[in-house]
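Undergrad: coordinates for the following, if possible.
(2 chains)
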Amino acid sequence: QSVLTQPPSVSGAPGQRVTISCTGSSSNIGGGYDVHWYQQLPGTAPKLLIYGNNNRPSGVPDRFSGSKSGTSASLAVTGLRAEDEADYYCQSYDRSLSGLVFGGGTKLTVL
Amino acid sequence: EVQLVESGGGLVKPGGSLRLSCAASGFTFSGHSLTWVRQAPGKGLEWVSSIGSSGSDIYYTDSVKGRFSISRDHAKNSLYLQMNSLRAEDTAVYYCARGGLYCTSGLCYTGYYGMDVWGQGTPVTVSS
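TA: Below is the predicted model:
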């Protein structure tokens, strides 16, 4: 069981908007630690999608956005495209565990 | 091109040892923390270990403490993970990544820029 909780799966039709939640606690997200999001396409290594809660690395489309509030964070994907079908992971730091923590991952399916 | 390339994975018997390597290129190696992350078959990502830019700050997840050892060689621009007393549950693809865990004056946090460069991964299978 992951310290950061994500829904196992979300889905949406092309062009729609979906959000993926990442729920933590006061010892991680709620403690003020940054949240990052990673995209893992099938059979490939993870790729940084959002850093520092709401920032996109160069090359990441602005269809992807991140937010953080209290003990939770969210990833939003607008204008869904077939190539967005992947696993998405949130990541932060947990002071009780004294280490980095990941969410369990969310599989995004484009219908 | 900024790049990380892992090697050293393979099949090993329970109780055996393996040394993973991660060769870095295209950036100032000594200026970044580095991290190992693993992914068991069909499972999610799991943080394994991080090492600070100087090599003096080292951190492990509890399940590998006392068995795994992370190190880095600035002359060779390489990161290593020595894995001893391997167990079946260590079976995973192991990724090295730039960035990760930072600690200053006893306070630790995830770096603001996340883990922004990842290798392609090297598979480790622990089985008799």
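
Undergrad: C-alpha only now, for contacts and for neighbours.
TA: Will do.

Undergrad: from memory A:V3 sits against A:G105, does it?
TA: No - using C-alpha atoms under 8 Å, A:V3 is not in contact with A:G105, being 11.5 Å away.

Undergrad: which one's more surrounded, these two?
TA: A:G105 (28 against 20; other C-alpha atoms under 10 Å in any protein chain shown).

Undergrad: can you pull the phi and psi angles for the more buried one?
TA: Main-chain dihedrals, A:G105, degrees, to the nearest 10: phi 100, psi 150.

Undergrad: residue numbers of chain B in contact with chain A?
TA: B:44-47, B:59-61, B:95, B:100-101, B:108-121 (C-alpha under 8 Å from any C-alpha of the partner chain).

Undergrad: residues contacting stretch A:15-29, please?
TA: A:3-7, A:10-12, A:30-31, A:35, A:70-81, A:90, A:92-96, A:103, A:106 (C-alpha atoms under 8 Å, 6 or more residues apart in numbering or on different chains).

Undergrad: buried residues of it, list them for me.
TA: A:18-24, A:27-29 (16 or more other C-alpha atoms under 10 Å in any protein chain shown).

Undergrad: which parts of chain A are strands?
TA: A:9-12, A:18-23, A:36-40, A:47-50, A:64-69, A:72-77, A:86-94, A:99-102, A:106-110 (DSSP state E).

Undergrad: which ones among the residues of chain B next to chain A map onto strands?
TA: B:45-47, B:59-60, B:95, B:101, B:108-110, B:117-118.

Undergrad: which of these lies closest to B:S85?
TA: B:Y60 (15.4 Å; C-alpha to C-alpha).

Undergrad: which stretch of helix or strand covers B:V93?
TA: strand B:92-98 (DSSP states H and E).

Undergrad: apologies, that question was intended for B:P14.
TA: Applying DSSP H and E, one finds B:P14 in no helix or strand.

Undergrad: tell me, how many neighbours does B:G26 end up with?
TA: 9.

Undergrad: on that earlier part again, which among the contacts of stretch A:15-29 are in contact with chain B?
TA: By C-alpha under 8 Å from any C-alpha, the members of the contacts of stretch A:15-29 lying near chain B are A:92-93, A:95, A:103.
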